[in-house]
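K.L.:
could you look at this predicted model? Sequence included:
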Amino acid sequence: GFRGVIAVDGPSGSGKSSVCREVARTLGLRYLDTGAMYRAVTWAALDRGLDLTDQPAVAALSRALVLDVATDPASPRIAVDGVDVTAAIRQTRISENVSAIATNLDVRSDLIARQRALIEEKGAGIVAEGRDITTVVAPDADVRLLLTADENARIARRARELHGNDDAASLAATHAQIATRDARDSTVVDFLVAADGVVEIDTSPLTFEQVVAAVLRVVSETA
Ligand code: C5P
C-alpha cells in the first residue's frame, strides 16, 4: 500500500482535520495536525503569562518547549512539557490568540523544523495538514491537496463544531471568529489558492464521506 507523504492545506472549517484523520486511518498512515502545534505554543505562552506581542520572548519559549505529538490518527494527542493539552488547545481563548503566535516568524521556523522531523520519522507514511504543508513544510510530498469551501459552508461546519448547531445566533458568532482569524492568518501564508501542482478539492457541495473518497481517489491516481 501507499507509504508516502500526503500534504493537505486549507482554511478553518474546510473539514480538513476530520477528513485527514479518516484518510490516515483508512490507509494505515500516521496523522499530523500542525495547527495543534501552533495552538500548543499559544497555550504555553498564555500559561506563562507572556505578552504575545513580545516576539523574541515567545520564540524563545517555543524553542524551549518539549512538544510531544502523538501521530496515531485514532488518538492524535499533544503534550507540552509533559502536560496533555489536547482538550485545552480547543478553547476559544486559544483560537482567538493563535494568530499572534502563528505570525511570529521565529516560532514558525521552530515549528516547521519540528514538523519536518515528524514527517520524516521512519515507519508508516503520514497525512500532514495545516496552512503551509504543500508549500513550505513538505513541498515535495507525494500527494499535495488543497481543501477549500465557500464561506457559508465553512461557517456552518464550524458552528456545528463549536455550538452543536447552525442556528442564526451560532452562525453569527462563528462568522465573526472565522473571518478575523482567516484575515490574520493569511498575512503570513497563502492557504486559499492552490500552489503549482497542488490538487484543489472544493468541499462545499460534498458530504464528509464524499470528501474522503475524493482524497483517496487522488492518492490512488497520483501515488
Ligand atoms: O487548523 P487550526 O485552525 O487548528 O490552526 C490553528 C491556527 O494555527 C491557524 O489559525 C493558524 O494561525 C495556525 N497555523 C499555521 N500554519 C499551519 C497550521 C496552523 O499558521 N500549518
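P.N.:
Arrived safely, thanks for sending. This is a predicted model, so every value here is computed, not measured.
K.L.:
who in this protein is up against the ligand?
P.N.:
Contact residues, the chain versus the ligand (C-beta under 6 Å from any ligand atom): 12, 34-35, 38-39, 98-99, 102, 130-133, 181, 185, 189. Backbone N, C-alpha and C define where each C-beta goes, glycine included.
K.L.:
among these, which one lies nearest to Asp72?
P.N.:
Relative to Asp72, the closest of those is Thr34; by C-beta to C-beta it sits at 16.0 Å.
K.L.:
look up the pLDDT of the closest one for me, please.
P.N.:
The score at Thr34 is 98. That number is its pLDDT.
K.L.:
how much space between the most far-flung residue of the chain relative to its centre and the ligand?
P.N.:
Centroid-distance maximum for the chain: Ala168 at 26.7 Å, with C-alpha atoms, centre = their mean. Per C-beta to the nearest ligand atom, to the nearest Å, Ala168 is found 24 Å from the ligand.
K.L.:
could you measure Tyr31 against Arg184, distance?
P.N.:
26 Å (C-beta to C-beta, to the nearest Å).
K.L.:
pick out whichever of those two has more residues nearby.
P.N.:
Shown here are Tyr31 and Arg184; by other C-beta atoms under 10 Å, Tyr31 has more neighbours (23 against 14).
K.L.:
so that one: helix, strand or coil?
P.N.:
With DSSP: H, G, I helix; E, B strand; the rest coil as the basis, Tyr31 sits in strand.
K.L.:
correct me if wrong: it contacts Val69.
P.N.:
No - if you go by C-beta atoms under 8 Å, Tyr31 and Val69 don't touch, sitting 10.1 Å apart.
K.L.:
which residues do these two both contact?
P.N.:
Residues within reach of Tyr31 and of Val69 at once, by C-beta atoms under 8 Å, 6 or more residues apart in numbering, are Pro76.
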